[in-house]
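Asks: Below are the sequence and a predicted model for it; my questions follow.
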Amino acid sequence: MTLVTVDVHTHLGERGTHVGGPLADDEMRVWGRTHWDVTPAGHAAAAAAATASVVLAFDAEPVGTVVPNEYVAKAVADKPNLIGFASVNPTRPDAAARLRHAVEDLGLYGLKLGPTYQHFHPHDPACLDLLEIADHYGIPVVWHQGTTFTRAAIAEFARPLQLDLPARRFPALRMWIAHFGHPWTAEALSVVRRHEHFYVDVSAMDTRPWQLAQALATASEYQVFDRVLFGSDYPFSTVERTITGLHRAAALCRSLGIANVTASDIDHICARDAVALLGLRPRPPRSSQQPPGP
């Protein structure tokens, strides 16, 4: 039986309260249904499929969706299997203060950035200033650096190669690209190969078997398979569906002769200890005596 040690990519957020605007409208346009409508109780039940799960805030007002840091901090409080990550849009005037508050007062472990959703370029000085703060605290950064379904996103900010400059600027900062950077999976892996503290996750790729097979083959060719992290992108997928998709893509690699990705290789992705790899060190919040606000 395949076991998942750490799911590095899961979401919270309720439609109408946190998830709205063009992103929610485009979700219905593309799929004809709502996926992103997750209460803390529903998330906690799904998270039982992994030993630990990263829970991402989402500060993307330009696309109509804001899952606050305080909301995530409250949802993960007293749940040792849940690891809360902040999200801060670097374009906010108080971005630095928001990140410091998330780390020092809320006790969150990392930072989620999505340039295509948050409408900034990864080379923007405001972004680099925020990364300097993350580097100071030693918290990892996950990037949504790839395509997306909503028309409100800015596609030209989404290419994975744009992360090469931040990686050069902050060589000790642990960072990873979500969703294998699809559809630019080889480009994402070229960044990972160049920088020893860079990773990718496999989230939301189980419904894209050909892209996932190509990505796994490229990771094997570039000899960075050990930096591929398990992620489900719940509620857009689940741990179980992600495992099935990974094994299906590995079988496709073998049947097409593009790479000898074995079932054991997939088991290693699922069992990878991302907590240790990413340096996810607990930081008790200064305000731990008072529960975070709603």
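Replies: Arrived safely, thanks for sending. Residues are numbered from 1 along each chain as shown.

Asks: how close does Ala45 sit to Val67?
Replies: Ala45 sits 18 Å away from Val67 when distances are taken as CB to CB, to the nearest Å. Just so you know, the C-beta spots here come from the backbone N, C-alpha and C atoms, and that holds for glycine as well.

Asks: So for the two, which sits in the more crowded spot?
Replies: The residue with more neighbours, out of Ala45 and Val67, is Val67; 25 against 10, by other CB atoms under 10 Å.

Asks: Assess the claim that the more buried one and Thr10 are in contact.
Replies: No - between Val67 and Thr10 there is no contact under CB atoms under 8 Å: 11.4 Å.

Asks: Give me the common contacts of those two.
Replies: Shared contacts of Val67 and Thr10 (CB atoms under 8 Å, 6 or more residues apart in numbering): Leu56.

Asks: Please export the C-alpha coordinates of the strand or helix carrying Glu27 as CSV.
Replies: In this assignment (DSSP states H and E), Glu27 forms part of helix 21-31. Listed in CSV are the C-alpha atoms of helix 21-31, where the atom choice follows Å, rounded to 0.1, in the frame of the first residue of the first chain:
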residue,chain,number,x,y,z
GLY,A,21,-15.2,37.1,-8.4
PRO,A,22,-13.8,36.0,-11.8
LEU,A,23,-12.0,33.0,-10.5
ALA,A,24,-15.2,31.5,-9.1
ASP,A,25,-17.1,32.4,-12.3
ASP,A,26,-14.5,30.9,-14.5
GLU,A,27,-14.4,27.7,-12.4
MET,A,28,-18.1,27.2,-13.4
ARG,A,29,-17.4,28.2,-17.0
VAL,A,30,-14.6,25.6,-17.4
TRP,A,31,-15.9,22.7,-15.3
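
Asks: mind listing what's buried in that helix?
Replies: Within helix 21-31, the residues that qualify as buried by neighbour count (16 or more other CB atoms under 10 Å) are Gly21, Pro22, Leu23, Ala24, Asp26, Glu27.

Asks: contacts for it?
Replies: Residues outside helix 21-31 that contact it (CB under 8 Å, 6+ apart) are 15, 33-36, 60, 63-65, 117, 149-152.

Asks: Run through the strands of this structure in chain order.
Replies: The residue ranges that make up the strands of the chain, judged by DSSP state E, are 6-11, 52-56, 58-60, 65-67, 82-87, 110-113, 141-143, 175-177, 198-201, 228-229.
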